[in-house]
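Trainee: From the sequence below, what's the structure:
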Amino acid sequence: MRRWAALALLSACACASSRLDVIQVGPWFEPRPWREVAVLNSRAEAARPWGGIAIIHSPRVSASTGQARLEALKDRARRQAAAIGADAVILAVDAAASGPQMGVYEEPELYLSALAIKYVTEASTSTAK
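Mentor: Have a look, this model is predicted:
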């Protein structure tokens, strides 16, 4: 009985810890198929003018064993971006800063940071003089 309770608790924690945080920074649009959302590695890869509509952050994962989990989080970020109508998502993997703990070994951790973007359909400039 204790094994089943422990297993249930561990699986509940695993599901909760892989949740992505989404911060709305612009209007959201009609959802689109996730395969239509382009995956970019930098802002320079965007071929047209764009605006940010959401910032997406993942929980921290172990740098040594979390590569598969990080790839799954990238896929989830792309799907989340599609759900809010983004045209593309700019992905970046960063190292999490560890606190000053002298004499205590801490496993290096990484996290995913993504920017969901929407391409501008019409751009106009001001005629102010």
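Trainee: So which residues make contact with stretch 24-42?
Mentor: The contact list for stretch 24-42, computed with CB atoms under 8 Å, 6 or more residues apart in numbering, reads 46, 51-55, 74, 78-79, 81-92, 118. Using the backbone N, CA and C atoms, a C-beta is placed for each residue, glycine as well.
Trainee: swap in stretch 46-53?
Mentor: 24-29, 40, 84-88, 90, 115-120, 123.
Trainee: if we go to 10 Å?
Mentor: 24-29, 38, 40, 43, 81, 84-88, 90, 115-123 (CB atoms under 10 Å, 6 or more residues apart in numbering).
Trainee: Let me see the contact set for Ala68.
Mentor: Val61.
Trainee: quick revisit: now that we have the contacts of stretch 24-42, which of them are buried?
Mentor: Among these, those buried by neighbour count (16 or more other CB atoms under 10 Å) are 53-54, 74, 78, 81-91, 118.
Trainee: What is the nearest of these to Val61?
Mentor: Checking the buried ones among the contacts of stretch 24-42 against Val61 with CB to CB, the nearest one is Lys74 at 11.3 Å.
Trainee: host element of the closest one?
Mentor: Taking DSSP states H and E as the definition, Lys74 sits inside helix 67-83.
Trainee: what angle separates the biggest strand by length in the chain from helix 67-83?
Mentor: Longest strand in the chain, counting residues (DSSP state E): strand 109-119. Going by axes from the mean of the first three to the mean of the last three CA atoms, to 10 degrees, strand 109-119 is angled at 20 degrees with respect to helix 67-83.
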